[in-house]
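# Could you look at this predicted model? Sequence included:
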Amino acid sequence: VAREEFWQTVGTKAFWIGLAAFPVIIALAIAVPLFLEKAKEARPYVVIDHSGFLLNAVEQAVYGEDLTQIGQRGRELRREDNEGYAALPDPIRAYVAAWMGLDEPDRPLLVEALGRRAFGDASATPFEFVDSGGVALFQWWEEADPAKVDERHDIELARRHYERRPVPADLDTIGWLNDQIHSGKLFAYFVIGPDPVTSDEGCRYVSNNLTDRGLRNWFSRRAERIVREHRMERSGVAPDTADWIQASLAFEARKIDERGDVEEVKDRDKFRQFVPLIFTYLLWLAVFTSSQMLITSTIEEKSARIMEILVSSVSPEELMLGKIAGVAGAGLIVVGSWATILFGAIAIIPKVMGADIDLGGAAADPLFLASFVMYFLLGYLFYASLLVGVGSLCGTLKEAQN
């Protein structure tokens, strides 16, 4: 009975098509959203700044974030790929060379000096590149096509996702902006009140798409940080003092090794806490998939009057155990294929992302694997027994589902 049940299940084209389709569906479920996010056009927005300073400060902060990312990416290309580094525009290569020529603590100071100079602060700076290459760098940043920069150099500028547009001076500003949003030409617009440092009175965010909060959160975080700095300055609180007050108390994670010594918790150890969650999901999926095959098989045989012939040759207990064992074997094939794909993904993903983490070693823990097999067998036997009983009482699959 078990052998016949096994071959009836795995001997169909639908079984193997479903087995092959599962990893394809999972891969598409992961790849399609990533592709759509990458292909999504930049959200156009407008800012009406009644404060006279906040928009300029936000733009300067965004410029500094882009420069930091450009410096890090340029360092990677210079170390690993000479062709990729040579393909960078001249202002970028000059900036990366100046950025890499500084000590680590001085690099944020260079970025800050470039931002101040680009947005109107002509005060003296100790960095020669600010005077020699700052203008060309800022001009490239303003004129560059973010999509092409991302495609050619793997540098994701802020304008890749959010594009600020100018406000026409000769129009009814609010009326024109509302029309632009209503027609879909504009995603949103911000209104900054006259004194955002004192209060948020007059600050508004207007958009017809209230589910996509990406632009609102992106702009608000930078504006809040700048306003907080102005409030500290107005209150006479030094930035270092404010950072110290707001700093959290962190307890570094440690563990005891086999020798009884205290050692640092590695990324592999942190990943281990998510392995049971992955195995639990696979367990739930495998148990209910196999159990569904079992109840379907039982009802089909009963409705086709095959059950009476089988009971005349074997006992009801042998029939039930044979059907459970046969479908369990098919379920193990399904689980085995999923596990193979999972371990393959675990081995490949860190290499693709450039992370030096042995995820396979964490997932292949004998305790996890043995627990998974044991819980699969126990869970399958439990639900299979229940569903076989349900199938024996129902005449059709629709009746069993109800």
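Ah, there it is.

# tell me the SS of V206?
strand (DSSP: H, G, I helix; E, B strand; the rest coil).

# mind checking the SS state of the closest residue to it other than its chain neighbours?
Counting by C-beta to C-beta, 6 or more residues apart in numbering, the nearest residue to V206 once its immediate chain neighbours are dropped is Y189, at 5.4 Å. Where C-beta positions appear, they are placed from N, C-alpha and C, glycine not excepted. Assigned with three-state DSSP, Y189 falls in the strand class.

# ok, then the element right after the helix or strand where R73 lies?
Per DSSP states H and E, R73 falls inside helix 54-80. Heading C-terminal from helix 54-80, the first helix or strand you meet, by DSSP H and E, is helix 82-86.

# The helix or strand just after that next one - what's its average pLDDT?
Next along the chain after helix 82-86, taking DSSP H and E as the criterion, comes helix 90-100. The average of the pLDDT scores along helix 90-100 is 93.

# again, but for stretch 56-66
94.

# and it, which residues are buried?
For stretch 56-66, burial by neighbour count (16 or more other C-beta atoms under 10 Å) applies to A57, V58, E59, Q60, A61, V62, Y63, G64, D66.

# In contact with the fourth one, which residues?
By C-beta atoms under 8 Å, 6 or more residues apart in numbering, Q60 lies in contact with G115, R116, A118, F119.

# does the second one sit in a helix or strand, and which one?
Of the helices and strands defined by DSSP H and E, R116 is found in helix 107-118.

# Look up the residues forming beta bridges with R164.
Y45 (DSSP bridges).

# Any buried residues in the helix or strand encompassing V47, and which?
Using DSSP H and E, V47 maps to strand 43-49. In terms of neighbour count (16+ other C-beta under 10 Å), strand 43-49 has its buried residues at R43, P44, Y45, V46, V47, D49.

# Which member of those residues is positioned nearest Q72?
R43 (24.8 Å; C-beta to C-beta).

# about what we covered before: and the buried residues of stretch 56-66 as CSV, adding distance to R164?
What follows is the buried residues of stretch 56-66, written out as CSV (distance: C-beta to C-beta, whole Å):
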residue, distance to R164
A57, 14
V58, 9
E59, 8
Q60, 13
A61, 13
V62, 9
Y63, 12
G64, 16
D66, 13
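
# Which one of the residues you listed is nearest to R3?
Nearest to R3 among the buried residues of stretch 56-66, with distances taken as C-beta to C-beta, is D66, at 65.1 Å.

# right, and the closest one touches W141 too?
Yes. D66 lies in contact with W141 (C-beta atoms under 8 Å); the separation is 6.6 Å.

# before we move on, back to that, just the buried residues of the helix holding R116, please?
R107, L110, V111, E112, A113, L114, G115, R116, R117, A118.

# what's the distance between G134 and A124?
For G134, the distance to A124 (C-beta to C-beta, to the nearest Å) stands at 13 Å.

# The helix holding R116 - what's its average pLDDT?
Here the average pLDDT along helix 107-118 is 93.
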